[in-house]
Structure formats: C-alpha cells, structure tokens
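1. Sharing a sequence plus its predicted fold:
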Amino acid sequence: MLKLTDVSVNYGSFTAIKHVNIEVTEGEIVVLLGANGAGKSTTFRAISGINKLDNGEIYFQNRAIGGRAPDKNVQAGIVQCAEGRKLFPQMTVQENLRMGAYVHRRKKTEIKHSLENVYELFPILKEKHHHDAGSLSGGQQQMLAIGRALMSKPKLLMLDEPSVGLAPLIVEQMFQVIEEINREGITLLLAEQNANAALSIADKGYVFENGEIVVQGTANELLANDDVRKAYIGA
Ligand SMILES: Nc1ncnc2c1ncn2[C@@H]1O[C@H](COP(=O)(O)OP(=O)(O)OP(=O)(O)O)[C@@H](O)[C@H]1O
Ligand SMILES: [Mg+2]
C-alpha cells in the first residue's frame, strides 16, 4: 500500500531522515519507534506531502506521490492526525468532527453515517458533542483529533504519538480503539515512544536513530530484541 524507497529529508543543511525504506501492507498496523528527534514526525510529514523529499520516492497504491500536495494526499486517503492535536477550541466537538468531512464531496447521509461511526468508537465524544473542544481533557481532545481524521475517510491513517501525555488507563483505551479502527479496514502507521504498548498491537515496526532506521522486524522480533528492549522498553 505504502512504500518509501531511499527517502531523505533535509531542513536546510541538516539531514533529518536519511535513506529511509519502509513498506506498509494494506491492513497492517506499523509502528515507527525512536527517541525525541529521531525522525518519526519528519517521516510522517514526508508521506503527507508537507515536507519535500531530497532523495528517494514514496509510492501509495503503486503510484509515485513524492512531492504531491498534502490536500491531494488526503483526498487519496492518506490522512495524518497531527501531533499537538490542532483542534478548533472554540468550536464544538461535533463542529470539529464535521470539519474533517470537508475534504470530500459527500452526501449528508454519508457524513451522518461517519459521525455515528466516530461516536460509536468514542462514546464520550457523543456525550460531549455540543461542548467546546477546548473544554475537553487531553485524552478527549486526542480522541477528537482521531475522530476528525476518521471523518475524512482515510485508507492509511497516521497517528503521531497518540498516547503522549495520557494517563495509563486512557493509554490502554487509546490502543484498544486503534485496534478497532484497524479492524474496520483502515491501515495504520503509528509513531510512538511507548514501544511496549505500540508493539503489542502492531504487526511490525521500524526503529529510528538519528534519522536512520537501525532495526526493523515483526512486532514479536522487536519485543524480543535486547537492544530495543533496553532502549525503548526499559527491561
Ligand atoms: N522544521 C524544522 N526545522 C529544522 N529542524 C527540524 C525541524 N523539524 C524537525 N527538525 C529536526 O529534525 C530532526 C527530526 O525531528 P522529528 O520531529 O522528525 O523527530 P521525532 O522522531 O518526531 O521526534 P519527537 O519524538 O520529538 O516527536 C530533529 O533533530 C529535529 O530537531
Ligand atoms: Mg515527532
């Protein structure tokens, strides 16, 4: 479904990711692991079309998409749920969700159906549908950001650190919902520092260090890898 071949991205003279190769098969959950500044978000932005490529190519459903505008990618089904959430705090939960539907020309009934689906995944959003987004807790805002991404009908959904800053119980719920989204047929690419939780739901993963992939493998291989355990799982 998605393939990065030899992708590099520079910020000025600084190379943030170097010769990155990633493959995501339809239906998978794939996780990018790595410490702060390792290059996970830059990889996401390269896939979204926000960062231009300085080397390599990106293929989505066998089409080269390197350098394509972000809105074209969203229309094609590549949807990123941004780090930092970027909601409209003065708008209600439901208004924020509806914003996600604007990328496609869709019938009212179809949008309503998507909305119901999001409310099923996140009952708390239904309960709070007419509250301002800014009044929600951190975890609820994260759910809303994911819900809004779902409203734009992703084929590939990219979640950048969905568990960051959340209480342990909420983290657990978050990963359960991610699995449920995947069961609905959406392919997932996650960036995470919570390696244990992410690998427990992922099919495979890539470990970034200083912009390069240093280890890759199935989730079980990575969980059993001593270096990965020491660096990211603390055991
Ligand atoms: N807009 C930018 N301009 C210059 N350098 C940047 C920019 N964005 C990121 N970088 C640098 O690129 C490198 C990779 O950053 P990136 O945000 O991709 O890492 P990350 O793995 O997502 O980290 P984090 O876990 O902190 O989100 C870092 O050294 C970072 O300082
Ligand atoms: Mg990041």
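-> Received the coordinates, thanks. Numbering: from 1, shown residues only. Ligands and ions are numbered 1, 2, ... in the order given.

2. gap between the two ends of stretch 60-80?
-> End-to-end span of stretch 60-80 (C-alpha to C-alpha, to the nearest Å): 14 Å.

3. Quick one: mean pLDDT over that stretch.
-> Across stretch 60-80, pLDDT averages out at 95.

4. likewise stretch 136-156?
-> On average, stretch 136-156 scores 94.

5. What of stretch 33-42?
-> The average pLDDT for stretch 33-42 rounds to 94.

6. and if you look at stretch 211-222?
-> According to the model, stretch 211-222 has a mean pLDDT of 96.

7. Stretch 192-200 now?
-> Regarding stretch 192-200, the rounded mean pLDDT is 91.

8. quick one: buried residues of it?
-> By neighbour count with 16 or more other C-beta atoms under 10 Å, stretch 192-200 contains the buried residues Glu192, Gln193, Asn194, Ala195, Ala197, Ala198, Leu199. All C-beta atoms are positioned from the backbone trio N, CA, C, and that covers glycine.

9. which outside residues touch it?
-> 31-36, 161-164, 171-172, 175, 190, 205, 219, 222-223, 228, 232-233 (C-beta atoms under 8 Å, 6 or more residues apart in numbering).

10. Which members of the residues you listed are positioned in strands?
-> Within the contacts of stretch 192-200, residues falling in strands by DSSP state E are Val31, Leu32, Leu33, Gly34, Leu190, Gly205.

11. Check the residues you listed against Glu120 and report the nearest one.
-> Leu190 (21.4 Å; C-beta to C-beta).

12. tally of neighbours for that closest one?
-> 27 (other C-beta atoms under 10 Å).

13. element containing the residue of the chain found nearest ligand 2?
-> Going by C-beta to the ion, ligand 2 is nearest to Ser41 of the chain, at 3.0 Å. Ser41 belongs to helix 40-48 when elements are defined using DSSP states H and E.

14. which helices and strands does that helix pack with?
-> strand 2-11, strand 14-24, strand 29-34, helix 70-76, strand 78-81, strand 156-160, strand 187-192 (3 or more C-beta pairs under 8 Å, 6 or more residues apart in numbering; DSSP states H and E).

15. Can you tell me which of the ones in strands among the contacts of stretch 192-200 has the most neighbours?
-> The residue in the ones in strands among the contacts of stretch 192-200 with the most neighbours, by other C-beta under 10 Å, is Leu33 (29 neighbours).

16. which residue packs closest to it, ignoring adjacent ones?
-> In this structure, Leu33 finds its nearest non-sequential neighbour in Val207, 4.8 Å apart by C-beta to C-beta, 6 or more residues apart in numbering.

17. How about Glu179?
-> Excluding the flanking residues, the one nearest Glu179 by C-beta to C-beta, 6+ apart is Ile201, at 5.2 Å.

18. My guess is that neighbour contacts Ile181. True?
-> No - using C-beta atoms under 8 Å, Ile201 is not in contact with Ile181; the gap is 10.6 Å.

19. Between those two, which is the more surrounded one?
-> Ile181 (21 against 16).

20. helix/strand/coil for the more buried one?
-> Following DSSP: H, G, I helix; E, B strand; the rest coil, we place Ile181 in the helix state.
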